[in-house]
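Enquirer: Based on what follows, work out the 3D shape:
(2 chains)
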Amino acid sequence: MHYFANPARFTRLAGIIQPWAGALAAILLVVGLYLALVVVPADYQQGDTVRIMFVHVPSAWMAMFCYSFLAVASAIALIWKHPLADLAAKASAPIGAGFTFLALVTGSIWGKPMWGTWWVWDARLTSVLILFFLYLGYMALWQSIEDGQKAAKAAAVLALVGAINVPIIKFSVDWWNTLHQPASVLRMDGPAIHPSMLWPLLIMALAFKAYFVALLMARMRMELNLRRIRALRLAERTS
Amino acid sequence: MKPFLAVIARDLRLAVRQGGATFLALVFFLLTVTLFPLGIGPEPALLARVAPGVLWVAALLAAMLSLDRLFQADFEDGSLEQLTLSGLPLGGIVLAKIVAHWLTTGLPLLLAAPILAVLLNMNSEGFAALLLSMAIGTPALSLIGAIGAALTLTVRRGGVLLSLLVLPLYIPVLIFGVAAIDAAVHGLNAKPHVLLLAALTLAAVPLCPWAAAAAVKLSLE
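Expert: Prediction:
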C-alpha cells in the first residue's frame, strides 16, 4: 500500500486507470440504459415507472458504498497516516453526496405516481436523508478549517464517528417508523426480482461503480495538482 | 480523581460567576416551547399529543446552542492548553468538562421540563417517563455534542457548522426519548425505550470523550 504513497507514482497510475474506468462506465451505462429503457418489459403493476428503479437502486447502493469507502479511508488516514487516504476520503465525499441526492430525487419522482406523494417519512427514506446530511457535514468541516492537515484529521474523526452512528441511526429510525405505522403498504420487498430485470440492474450498478472509480481518480489527481501548485507558489514567494 | 473533580468544580464556579449566561440555554428552552402553541394553535388535545416531541426537540436545540461554551472560552484564553499539563489525560479533562456542561445545562433543562409539560397539557402518566428519559438522555447530548464542539474549535463562527455536525448524531436520542414518553402516555411499557436510551448514553461515555479529545488535540497543535 505504501508503494503508492508517492504522489507522482500514484498520479501516473491514476492517469492510466481513469480513462479505462471512464470508458467502462460509458459502455456499461449505454448497454444498461438500453436494456432498462427499451428491452425490459413494463412492470405489470408499476408500468413504465419501474424503469426509474434502474437508476434509483444503484444510486442508493453507491450512497452507502461511498460512505463505507470514506470511513475506511479515514481510518487508514488516522491509523497509518497514509498520505493519500485523506485525499481519497475527501474526493469520495462529494461523489457520495451526489449519489445520495440522486437516490433521494429519483425515489421521490418514483414515489409520486406509485405512492401518490413525493415524500413519506418511511424508515428508509429518512435514514438516507440523514446520510445526506452526514455527507454535507463532512464536506462543510473540510471547507471550514483552513489548515489542510488539521482539516484532514478533523474530518477523519467526524467520518469515523458518523460511521459508528450510521447503524445506530438506521436501527433507531427503523424502530421509530414501525412504532408509528406498522404494516406499512409502502414496503418495497415485493416478489423476488425476475432475471430479465436483474441483469440490467446489475449492469447499471457496475456502470455506477466504474463511474465512481473514474471520478475518484480524476478528483484525487486534481487535489494532488492543487497541492503542487500551492507548494510551488509558496516556494516562489519565499525565494 | 482529584484533578478530575477540580476541573468540574472550576467549570461550575465559572458558570455560577458568569451568572445569567449560564441560564440562557434554559431561557431558550422556555421560549422555544412557548412558540409551539402560538405556531400550531392552543387546542389542549393537540398540545398534549405533540408535547413529548416538542419538549425533546426544544431540549436538544437548547443543549446544542450551549455547546460552544464547552471548550471555546478555555481554548481562546489558553487555559485549555494549561489544563493538558495537569497530568490528567486529555480524555479525562474532556469528560470532566462534559460533566460540568451537563450539570449547568442538562440538569436545569431536566428540572424545567415537567413545568413546561404541565403548560402543554401533557398526560400526567407521562411525567415519570419524561423525567427518566431526560435524566438518561441529556448526558448523551452533552457527550455527543462535545465531539462537535471540539471539531469546530478552530472554526470562526462555527455555530451553523456545529449544528450540521451534531444534529444528525442526536437523532437516536430524540427517537428513544420521545418513544419512552409516548409509550408511557398511552399506557404502554416505556422500559425498552428507556433501556435503549441508557445503552446509547453508556456507549457514549467511553467513546465520545475519546473522539472529542482527539479533536481537541488537533486544535492545540
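Enquirer: Hmm, B:Gly53 and B:Gly126 touching each other?
Expert: No - applying C-beta atoms under 8 Å, one finds B:Gly126 not in contact with B:Gly53, separated by 11.7 Å. (C-beta placed from N, C-alpha, C; glycine too.)
Enquirer: more neighbours, these two?
Expert: B:Gly126 (24 against 15; other C-beta atoms under 10 Å in any protein chain shown).
Enquirer: so where is the chain shaky, pLDDT-wise?
Expert: Here I'm looking at chain A. Applying pLDDT under 70 to chain A flags the ranges A:1-2, A:44, A:177-194, A:239.
Enquirer: nope, chain B
Expert: B:20-21.
Enquirer: if I pick the residue of chain B found nearest chain A, what's in contact with it?
Expert: Of all residues in chain B, B:Pro172 sits closest to chain A, at 4.0 Å by C-beta to the nearest C-beta. Contact analysis of B:Pro172 by C-beta atoms under 8 Å, 6 or more residues apart in numbering or on different chains lists A:165, A:168-169, A:171-172, B:200.
Enquirer: From those, list just the buried residues.
Expert: A:165, A:168-169, A:172, B:200 (16 or more other C-beta atoms under 10 Å in any protein chain shown).
Enquirer: Just the ones of the residues you listed in helices?
Expert: A:165, A:168-169, A:172, B:200 (DSSP state H).
Enquirer: I'd like the residues you listed as JSON lines, with distance to A:Glu236 appended.
Expert: Output for those, formatted as JSON lines (distance: C-beta to C-beta, whole Å):
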{"residue": "A:Asn165", "distance to A:Glu236": "44"}
{"residue": "A:Ile168", "distance to A:Glu236": "49"}
{"residue": "A:Ile169", "distance to A:Glu236": "47"}
{"residue": "A:Ser172", "distance to A:Glu236": "53"}
{"residue": "B:Leu200", "distance to A:Glu236": "53"}
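Enquirer: Closest one of those to A:Leu224?
Expert: A:Asn165 (30.8 Å; C-beta to C-beta).
Enquirer: Next, format the contacts of B:Pro172 as JSON lines and append distance to B:Phe176.
Expert: Converted to JSON lines, these look like this (distance: C-beta to C-beta, whole Å):
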{"residue": "A:Asn165", "distance to B:Phe176": "14"}
{"residue": "A:Ile168", "distance to B:Phe176": "10"}
{"residue": "A:Ile169", "distance to B:Phe176": "12"}
{"residue": "A:Phe171", "distance to B:Phe176": "10"}
{"residue": "A:Ser172", "distance to B:Phe176": "6"}
{"residue": "B:Leu200", "distance to B:Phe176": "7"}
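Enquirer: which one of those residues sits closest to A:Ile27?
Expert: Distances from A:Ile27 to the contacts of B:Pro172, taken by C-beta to C-beta, are shortest for A:Ile169, at 37.0 Å.
Enquirer: Contact residues of chain B facing chain A?
Expert: B:147, B:151-152, B:154-155, B:158, B:161, B:164-165, B:167-169, B:171-172, B:175-176, B:179, B:182, B:196, B:200, B:207, B:211, B:214-215, B:218-219, B:221 (C-beta under 8 Å from any C-beta of the partner chain).
Enquirer: Now do the closest residue to chain B within chain A against B:Phe36, distance only.
Expert: Taking C-beta to the nearest C-beta, chain B has its nearest neighbour within chain A at A:Ser172, 4.0 Å off. According to C-beta to C-beta, to the nearest Å, A:Ser172 and B:Phe36 sit 23 Å apart.
Enquirer: what does B:Ala9 give?
Expert: When B:Ala9 is compared with B:Phe36 (using C-beta to C-beta), they lie 37 Å apart.
Enquirer: of these two, who's got more company?
Expert: Counted by other C-beta under 10 Å, B:Ala9 and B:Phe36 do not tie: B:Phe36 has more neighbours, with 21 against 12.
Enquirer: secondary structure class for that one?
Expert: Following DSSP: H, G, I helix; E, B strand; the rest coil, the label given to B:Phe36 is helix.
Enquirer: which ones are touching it?
Expert: Counting by C-beta under 8 Å, 6+ apart, B:Phe36 makes contact with B:47, B:50, B:54, B:120.
Enquirer: where's residue 75, which helix or strand?
Expert: Went with chain A since none was named. When elements are assigned from DSSP states H and E, A:Ala75 belongs to helix A:53-80.
Enquirer: hm, I was asking about chain B
Expert: Here B:Phe75 is assigned to helix B:68-76, by DSSP H and E.
Enquirer: For that helix, give me every contacting residue.
Expert: B:21, B:80, B:83, B:97-98, B:101, B:142, B:145-146, B:149-150, B:153, B:158-159, B:162, B:216, B:219.
Enquirer: In helices, which of the residues you listed fall?
Expert: Per DSSP H, the subset of the contacts of helix B:68-76 in helices is B:80, B:83, B:97-98, B:101, B:142, B:145-146, B:149-150, B:159, B:162, B:216, B:219.
Enquirer: so A:Ala159 makes contact with A:Val72?
Expert: No - assessed by C-beta under 8 Å, A:Ala159 is found out of contact with A:Val72, at 9.3 Å.
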